[in-house]
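>>> Here is a sequence together with a model predicted from it:
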Amino acid sequence: MIRNFLQRFMYGRYGSDALSFFLLGCYVVLYVLSLLTGWDILFLVGDVLILWGLFRILSRNYERRRAENAAFLRLAGPFIRWFKLRRCARRDPDYCYFTCPQCKQMLRAPKGKGKIHVTCRSCGTVFEQKT
C-alpha cells in the first residue's frame, strides 16, 4: 500500500542520481562536524544541501537535472574512476589494474608477467605496461 503510494507520487519526477547521493553524503558529514564542533553554520549549510537534494529528487524538470548531474560527473569523474580502480585492485590481488592512456578505459593483466604489450579493447591503442 505504501509502496504503491510512493510509486504514484514519484511518477514523473526526476528521482535520485549521483549528485543527489553526493549532496546527501555532504549533509551527513556537515551534520556530524556541526555536532562535534558546535558550529551552527555547518548545520545550516547542511540543511541547504539536503533541501537542494530533495528539490532535485522531486523535480519534474528532467533536462535541467540531467545537465546538473552531467556537469557534476564531469568534475567528479576522475576521482570516481580513481577510487574504483583502487577498490578493484584491493579486491583482486592477482591482477594489475591500469588505464588506457588514450581513452582512459580500465584494463587488467595478471601480475608478475613483466613488461607486456597491451591492446586496449575499447580504442585499439597498443602500449607497453609493466605488471
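That came in fine, so what should we check first?

>>> For the nearest residue to Tyr95 once chain neighbours are set aside, grab the count of nearby residues.
Nearest non-adjacent residue to Tyr95, counting by Cβ to Cβ, 6 or more residues apart in numbering: Arg108, 4.4 Å away. (Glycine included, C-beta is placed from N, CA and C.) By other Cβ atoms under 10 Å, 16 other residues sit near Arg108.

>>> Am I right that Arg108 is in a helix?
No. Looking at Arg108 with DSSP: H, G, I helix; E, B strand; the rest coil, it is strand, so not inside a helix.

>>> Look up how far Arg3 lies from it.
Distance of Arg108 to Arg3, given as Cβ to Cβ, to the nearest Å: 40 Å.

>>> Let me see the contact set for Lys113.
By Cβ atoms under 8 Å, 6 or more residues apart in numbering, Lys113 lies in contact with Thr131.

>>> swap in Pro78?
By Cβ under 8 Å, 6+ apart, Pro78 has no neighbours at all.

>>> Please, which helix or strand holds it?
helix 62-91 (DSSP states H and E).
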